[in-house]
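Student: only geometry, no sequence info:
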């Protein structure tokens, strides 16, 4: 029996807003992923591509 195939869901403007807000508040990626009903990997990757990952935030604050 074949396993489930994942369906890709587009990121909505609301999803991105929630991701940015929660990331800036310091919420753990696993919690953000649960709230968005997405995998942690997808959540981390999207945050990084938007430049709002925790690493990106740390780098920005060090430059200031």
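Tutor: Right, received. Where do you want to start? None of the values given here were measured: they were computed from a predicted structure.
Student: tell me which element the most centrally placed residue in the chain falls in.
Tutor: Taking C-alpha atoms, centre = their mean, the centroid of the chain lies closest to residue 43, which sits 3.0 Å from it. Assigned by DSSP states H and E, residue 43 belongs to helix 40-50.
Student: contacts for that helix?
Tutor: Helix 40-50 is contacted from outside by 11, 16, 19-20, 23, 29-30, 32-33, 36, 53-56, using C-beta atoms under 8 Å, 6 or more residues apart in numbering. Quick note: C-beta positions are derived from backbone N, CA and C, even for glycine.
Student: Let me know the pLDDT of the residue nearest to the centre of the chain.
Tutor: Residue 43 is assigned 94 on the pLDDT scale.
Student: How about the contacts made by residue 11?
Tutor: So residue 11 contacts residue 46 (C-beta under 8 Å, 6+ apart).
Student: now it, what's its secondary structure?
Tutor: coil (DSSP: H, G, I helix; E, B strand; the rest coil).
Student: Good, wrapping up.
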